[in-house]
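Chemist: Give me a model of this one.
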Amino acid sequence: MEYDEAHIIQDVLEGKTSRYEYFLDKYGQQVFTLIVRIVASQEDAEELTQDTFLKAFRHLSSFKAESNFSTWIYRIAYNTAISAVRKKKYDLFDMDDTLLANISDEQIDDTLNDESEVQIAKLNKAMKKLDADERAVITLFYMEDKPVSEIALILGMTESNTKVKLHRIRKKLYVLITNEKL
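Modeler: Numbering: from 1, shown residues only. Coordinates of the predicted model:
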């Protein structure tokens, strides 16, 4: 964690609460992006983003600086969004594991690296069929450029489980795009 952030946290804990605005400015858009990808509703995401920062503010004294502040706030955002999704019980697409077994990494890469407008539209539709956990992993890895080690911390998983989950989600996206079960 940057020295500046540690100093700001200390200031906030000492009563200079206006300094907390730094975290809203620095991480607000990224937290919102993660949450909106999970809940798939801009209105819900706005409310959940506020909830996330409020929870972080209330529990700031429990931040131990064992990870970056960004990792900590992402974990709070992830848990807040997942809890909201579980309450709403969204209707999602489920896929049989045998369907995923014979797909090569090369096939997946060819399909997911195609940046044509048609392919991007298919990818966006496919993303909506993923469950909230899966959308979170894809968002953190591809859109937020988080390393697997940090994603594992955010999700509360091991690195190897995170890699397996990411690999499985990529296969699932491939099937959704190529079979057009959208």
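
Chemist: Distance check, Ala56 against Gln50.
Modeler: Going from Ala56 to Gln50 by Cβ to Cβ, to the nearest Å gives 11 Å. To be clear about C-beta, it is placed using only N, CA and C from the backbone, and glycine gets the same treatment.

Chemist: From Val31, how far out is the most centrally placed residue in the chain?
Modeler: Closest residue to the average C-alpha location of the chain: Ala136 at 3.0 Å, with Cα atoms, centre = their mean. Distance of Ala136 to Val31, computed by Cβ to Cβ: 12 Å.

Chemist: which residues touch the residue nearest to the centre of the chain?
Modeler: Leu34, Arg37, Ile38, Tyr78, Ala81, Ile82, Leu155 (Cβ atoms under 8 Å, 6 or more residues apart in numbering).

Chemist: so how far is Gly15 from it?
Modeler: Applying Cβ to Cβ to Ala136 and Gly15 gives a distance of 34 Å.

Chemist: and what of Ile38?
Modeler: 34 Å.

Chemist: Show me which of the two is the more surrounded one.
Modeler: Legend: neighbour count by other Cβ atoms under 10 Å for Ile38 and Gly15, higher for Ile38 (26 against 8).

Chemist: By mean pLDDT, flag the weakest helix or strand of this structure.
Modeler: helix 97-100 (a mean of 58; mean pLDDT, DSSP states H and E).

Chemist: State the mean pLDDT of stretch 144-155.
Modeler: Stretch 144-155 shows a mean pLDDT of 91.

Chemist: residues in contact with that stretch?
Modeler: 30, 33-34, 67-68, 71, 74-75, 78, 133, 136-137, 140-141, 158-159, 161-163, 166.

Chemist: So which bits of it are buried?
Modeler: Glu144, Lys146, Val148, Glu150, Ile151, Ala152, Leu153, Ile154, Leu155 (16 or more other Cβ atoms under 10 Å).
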